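Participant: Build me a structure from this.
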Amino acid sequence: MAAEALLTGGSMPIEVLGDPSRSAELGLLQGKLMEIGFVQFMLSVGDSARLQRQMALLRALSASDMGTSEDERAAAAQRLAVAREEKVQRRLEKQISGDAAGAFPRLSAFRPVRIAQSAVVDDPVRPPSSFAVTFPQGVVWGLAGCVMAFVTSLSVERNRGTLRRLCAAPLSMHMVLAGKALACFCMALLMQAMLMVLAVTAFGVRPVQPALLLPAMAAIAVAFTMVAMAVASLFQSLGGSEGAGRSVILILALLGGGSVPLVFMPPALASVSAVSPFRWAIAALEGPLWRGGSMQSQLTAIGAVLVVAVIAAAIA
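Facilitator: Numbers count the residues shown, from 1 in each chain. All right, here's what the predicted structure looks like:
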């Protein structure tokens, strides 16, 4: 319909989305679109059947006055007069070749295409690469492995009587558990550091706020040490820790973004994932890794991780 309206004084509207830094390419694209518009106009007036349909449409518009102004009717009459000229085909070809002003002065101001240009800017919330998204997911599964290793070791020592023999030493049970927790904390922190080094050196991930990454990793290590203590206290037998405890950890990891990244989760699933501690660990890592944001937003994410640590410690 836009092509049919060329002889009524109108233009074909085209929206162009482009990068503002590519001004030369955008100029070439606009020139090409204008050339295609003139070709379309030439086909409109060169095809007799098509021209008859357009003339019938113009007569109907003029007769019914369907929102057509006086200027539009005058422009339509002018286009019809141009279309009836004997050498319109040759003159339009000269218009396309660039000899517009001398060859066809009546179309010197005619533009068959009306181009609306809009700038396309990069989304600041969009991750720079897929590796920046999958790195927090790798941390999630590494944390799940640390938690399960700690829970299983406690269950094995409890069933074999190792913990009872440790109680005979001049150490309190709190000191024994603190030693276990310190080992879990160091392992969780070391695992995150190794994955971070691998992401930077091998996959080109560049943290946007590297100074905030270490506090987030330390808070995550503390939180999941407490999560391991809580799971070990809930499932004390070896079968319970390896069965039900592993199932709980896997479900929480999947729900917290271990399978589907948080940035791609549906809104309903993203709201349910708030019950998973892995979800808050990913949020604390994504901020300094690629999301950026203010110091307050990052402190809020770290605070949520520490709240998880307090709740897990209370359960333990």
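
Participant: so where do the strands sit in the stretch 101-250 of the chain?
Facilitator: 113-119 (DSSP state E, counting those that start in this stretch).

Participant: I'd like the distance between residue 160 and residue 272.
Facilitator: The gap separating residue 160 from residue 272 is 39 Å, by CB to CB, to the nearest Å. For the C-beta atoms, the positions are set from N, CA and C on the backbone; glycine is no exception.

Participant: my bad, should have said residue 38
Facilitator: Distance from residue 38 to residue 272, by CB to CB: 57 Å.

Participant: Neighbour count for these two, which is higher?
Facilitator: More crowded of residue 38 and residue 272, by other CB atoms under 10 Å: residue 38, with 21 against 13.

Participant: Please give the element, helix or strand, for that one.
Facilitator: Assigned by DSSP states H and E, residue 38 belongs to helix 23-46.

Participant: Now do that helix against strand 113-119, angle only.
Facilitator: Using axes from the mean of the first three to the mean of the last three CA atoms, to 10 degrees, one finds that helix 23-46 and strand 113-119 are set 160 degrees apart in direction.

Participant: Just name whatever secondary elements helix 23-46 is in contact with.
Facilitator: For helix 23-46, the packing partners by 3 or more CB pairs under 8 Å, 6 or more residues apart in numbering; DSSP states H and E come out as strand 12-18, helix 48-64, helix 88-97, strand 113-119.

Participant: Mind telling me which of those the model trusts least?
Facilitator: For the helices and strands packed on helix 23-46, mean pLDDT drops lowest on helix 88-97, to a mean of 52.

Participant: Could you give the number of residues near the closest residue in space to residue 183 that isn't next to it in sequence?
Facilitator: Leaving aside its sequence neighbours, residue 183 sits nearest to residue 150 (CB to CB, 6 or more residues apart in numbering; 7.5 Å). Here the number of neighbours of residue 150 (other CB under 10 Å) works out to 25.

Participant: List the residues that contact residue 150.
Facilitator: Residue 150 makes contact with 180, 183, 184, 187, 225, 228, 232 under the criterion CB atoms under 8 Å, 6 or more residues apart in numbering.

Participant: roughly how far apart are it and residue 226?
Facilitator: According to CB to CB, residue 150 and residue 226 sit 11 Å apart.

Participant: how many neighbours does residue 297 have?
Facilitator: 12.

Participant: circling back: for the residue nearest to residue 183, give me the pLDDT.
Facilitator: For residue 150, the predicted pLDDT is 88.

Participant: likewise the one 3 residues further on?
Facilitator: On pLDDT, residue 153 comes in at 85.

Participant: Please apply the same query to residue 198.
Facilitator: 91.

Participant: Next: the one 4 residues further on.
Facilitator: The confidence metric pLDDT takes the value 89 at residue 202.

Participant: Helices of this structure, start to end?
Facilitator: 23-46, 48-64, 70-83, 88-97, 100-103, 130-160, 162-167, 173-203, 213-234, 238-240, 246-253, 267-272, 277-286, 295-315 (DSSP state H).

Participant: Next, residue 266: phi, psi?
Facilitator: Main-chain dihedrals, residue 266, degrees, to the nearest 10: phi -60, psi 150.

Participant: now it: how far from residue 162?
Facilitator: Taking CB to CB, one finds residue 266 at 46 Å from residue 162.
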